[in-house]
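# this is the structure alone, sequence omitted:
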């Protein structure tokens, strides 16, 4: 089902902080974590979003992620969706040289938001970007390349003990190179875990 059909009315408000998206916090099976809402795809202007990833407003920001999640048997109704940094930043994540440092400071607030989701301590967290992956690792942990992660050269999911979120982490990067239709071994491995 197209998720935008489930959202009846969304009003565009300037400079608001996008809210996490969730149909029902007591029925969540997994968490999806983005970087931040900063996005200048509106002719160079900041796109204002009501919910993380623009859910209900513009499907292009989340459709690719949702397609991957669907391949894992997860649907929009199963998810709690948020950004590591919920506020708009000075630059888009890939161009923000301070993202990882700032994001590490945002983890305590993120954990408070996660705590509002029933059973979230044991739920997998799908990381939608490499920058988010780097930000949630503990300081002395090895940072694997995206290719190494997807080639399963380390533990996937990343154990709760090895990250600042205290939950199992599964890279599910937005870049089309990491579409699960092209990553059979990785997809099978994650399906076995789920």
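Right, received. Where do you want to start? Quantities reported herein were computed from a predicted structural model and do not represent experimental measurements.
# show me the strands in the chain, by range?
Using DSSP state E, the strands found in the chain span residues 21-22, 30-34, 79-83, 125-127, 169-171.
# please name the nearest non-neighbouring residue to residue 137.
Leaving aside its sequence neighbours, residue 137 sits nearest to residue 163 (C-beta to C-beta, 6 or more residues apart in numbering; 5.8 Å). C-beta: built from backbone N, CA, C; applies to glycine.
# mind putting the strands of the chain in JSON lines, mean neighbour count and mean pLDDT included?
Listed next are the strands of the chain as JSON lines, based on neighbours: other C-beta atoms under 10 Å; pLDDT from 0 to 100:
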{"stretch": "strand 21-22", "mean neighbour count": "22", "mean pLDDT": "86"}
{"stretch": "strand 30-34", "mean neighbour count": "25", "mean pLDDT": "93"}
{"stretch": "strand 79-83", "mean neighbour count": "26", "mean pLDDT": "91"}
{"stretch": "strand 125-127", "mean neighbour count": "27", "mean pLDDT": "96"}
{"stretch": "strand 169-171", "mean neighbour count": "23", "mean pLDDT": "96"}
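# between these, which one is closest to residue 65.
Nearest to residue 65 among the strands of the chain is strand 30-34 (6.5 Å), distances taken as C-beta to C-beta.
# residue contacts, the closest residue to residue 83 other than its chain neighbours?
Leaving aside its chain neighbours, residue 83 sits nearest to residue 34 (4.5 Å; criterion: C-beta to C-beta, 6+ apart). By C-beta atoms under 8 Å, 6 or more residues apart in numbering, the residues touching residue 34 are 52, 53, 81, 82, 83, 84, 128, 129, 132.
# same thing with residue 180?
Contacts of residue 180 by C-beta under 8 Å, 6+ apart are 67, 68, 71, 72, 172, 186, 187.
# measure stretch 110-120 end to end?
Distance between the two ends of stretch 110-120: 12 Å, counting by C-alpha to C-alpha, to the nearest Å.
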